[in-house]
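Engineer: Please find the sequence and the predicted model below.
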Amino acid sequence: MQLGTLLKELNHSYRGSDVAGRVRDFNKWTDVAAMAADGSSDYSHSETAKEYYDLCTAFMVWGWSESLHFAPLKPTESLEQSQERHQRLMISKLELEEGMTVVDVGCGIGGPMRRVVREAGVRVSGVNINEIQLAMAKQLTAEAGLDHMVDYETCSFMDMSGIPDGAFDRGYAIESTCHAPDKQGAFAEIFRVLKPGALLWGQEMCLTEKFDPNDSRHRAIKQELMLGIALNDIATFAEVNHALEAVGFEVIEGMDRDVQEGPSTPWYQPMETRQGTPGSAVRRLPWGRKAIIGGVKLAETVRLFPKGSAEVIRLLDRTADAYVAGGKTGIYTPLYCFLARKPL
């Protein structure tokens, strides 16, 4: 995404709102959620996740890529090349065939979706509660000449009632159901819209077996990740599998895809150093992010950037630090990938 496009998307997303105030309110969501547990506040985690992407999507695309997900990295590949390789693995695992119908659960701005359509010749329905992301997805997909192969559903994946039972041959959910207020409920709704025998690929943000709930440092990192990514909780591998099996899925395989054979680069390294990720953007690095905060803050004074934009980057910078801390301690991975089947 070029700077001019970034500014256009920011103005469209923020529409003159009090962005700094929205970031302050977002930073309090865990406190509000805790109050809701005893019935003293009205809280919707789906709305919290929606606000997170309303605020952050344009900067995430500019700073990361059109594919808003992590991937197993190779030292000979750029981030984008590793993402492409990872998406092709998903296509292979799903055994996609031309003419199939596929649901993209939480499609973001449609980076993986466009690859799936282009390379597998399938028809995809992108499900997303976030209208800002869907607008970007529609525009980018039309520019790619693929809009005739894509449908969109503006709804939460917790309630896809506009989609009939057994509508899709395949499904995938890339770093989306980790936001679910109820993971089992999310998987139950995905189960419903898949045909008997359909395969589901998922990529979940998870705690690893190294996480120690009695370690204060581990708990603090988990809290920072939950806060900064709008995660209601962070499941373990076993908890993800249990939620899948509880609604009827057969788990075929599940693994941390960051654990690779041969030379590899840790998934979090583009946010820490340029080493091991060819062509990695300076704006992803700690000092680059800090410099951008200062530059955008200055640009706000001359109304080049919407007022409050720097606070959004500050939120993303803090979250990037939490990602790196989770990755370096080994207690967290965004690359727990599973393949499951809805029984015949």
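Structural biologist: That came through, no problem. Residues are numbered from 1 along each chain as shown.
Engineer: drop to CA atoms for contacts and neighbour counts, all remaining ones
Structural biologist: OK.
Engineer: now the helices: where do they sit in the stretch 201-344 of the chain?
Structural biologist: Using DSSP state H, counting those that start in this stretch, the helices of the stretch 201-344 of the chain run over 216-229, 237-246, 286-301, 309-329.
Engineer: ranking these by burial, who's on top?
Structural biologist: Each of those was scored by mean neighbour count; the highest is helix 309-329, a mean of 20, by mean count of other CA atoms under 10 Å.
Engineer: the inter-axis angle of it versus helix 216-229?
Structural biologist: 140 degrees (axes from the mean of the first three to the mean of the last three CA atoms, to 10 degrees).
Engineer: Could you name the helices and strands sitting against helix 309-329?
Structural biologist: Under the contact criterion of 3 or more CA pairs under 8 Å, 6 or more residues apart in numbering; DSSP states H and E, helix 309-329 touches helix 19-26, helix 45-63, helix 216-229, helix 286-301, strand 332-341.
Engineer: The same query, at a cut-off of 7 Å, please.
Structural biologist: helix 19-26, helix 216-229, helix 286-301 (3 or more CA pairs under 7 Å, 6 or more residues apart in numbering; DSSP states H and E).
Engineer: Quick one: these as TSV, columns for mean pLDDT too.
Structural biologist: Shown next, in TSV, are the helices and strands packed on helix 309-329 (pLDDT from 0 to 100):
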stretch	mean pLDDT
helix 19-26	96
helix 216-229	97
helix 286-301	95
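Engineer: now those as TSV including distance to L146?
Structural biologist: Converted to TSV, the helices and strands packed on helix 309-329 look like this (distance: least, CA to CA, whole Å):
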stretch	distance to L146
helix 19-26	34
helix 216-229	30
helix 286-301	34
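Engineer: Looking at these, spot the one closest to G121.
Structural biologist: G121 sits nearest to helix 216-229 of all the helices and strands packed on helix 309-329, at 32.6 Å, using CA to CA.
Engineer: Taking helix 45-63 as reference, get the angle to the closest one.
Structural biologist: Between helix 216-229 and helix 45-63, the angle comes out at 90 degrees (the same axes, to 10 degrees).
Engineer: Go ahead and produce PDB holding the CA coordinates of helix 216-229.
Structural biologist: Backbone C-alpha positions of helix 216-229 (Å, rounded to 0.1, in the frame of the first residue of the first chain) are rendered in PDB as follows:
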ATOM      1  CA  SER A 216       4.100 -13.700  36.400                       C
ATOM      2  CA  ARG A 217       6.100 -12.800  33.300                       C
ATOM      3  CA  HIS A 218       4.200 -15.300  31.200                       C
ATOM      4  CA  ARG A 219       0.900 -14.000  32.500                       C
ATOM      5  CA  ALA A 220       1.900 -10.400  31.700                       C
ATOM      6  CA  ILE A 221       2.800 -11.300  28.100                       C
ATOM      7  CA  LYS A 222      -0.500 -13.100  27.700                       C
ATOM      8  CA  GLN A 223      -2.400 -10.100  29.000                       C
ATOM      9  CA  GLU A 224      -0.600  -7.800  26.600                       C
ATOM     10  CA  LEU A 225      -1.400 -10.000  23.700                       C
ATOM     11  CA  MET A 226      -5.100 -10.300  24.600                       C
ATOM     12  CA  LEU A 227      -5.300  -6.500  25.100                       C
ATOM     13  CA  GLY A 228      -3.500  -5.500  21.900                       C
ATOM     14  CA  ILE A 229      -5.100  -8.100  19.500                       C
END
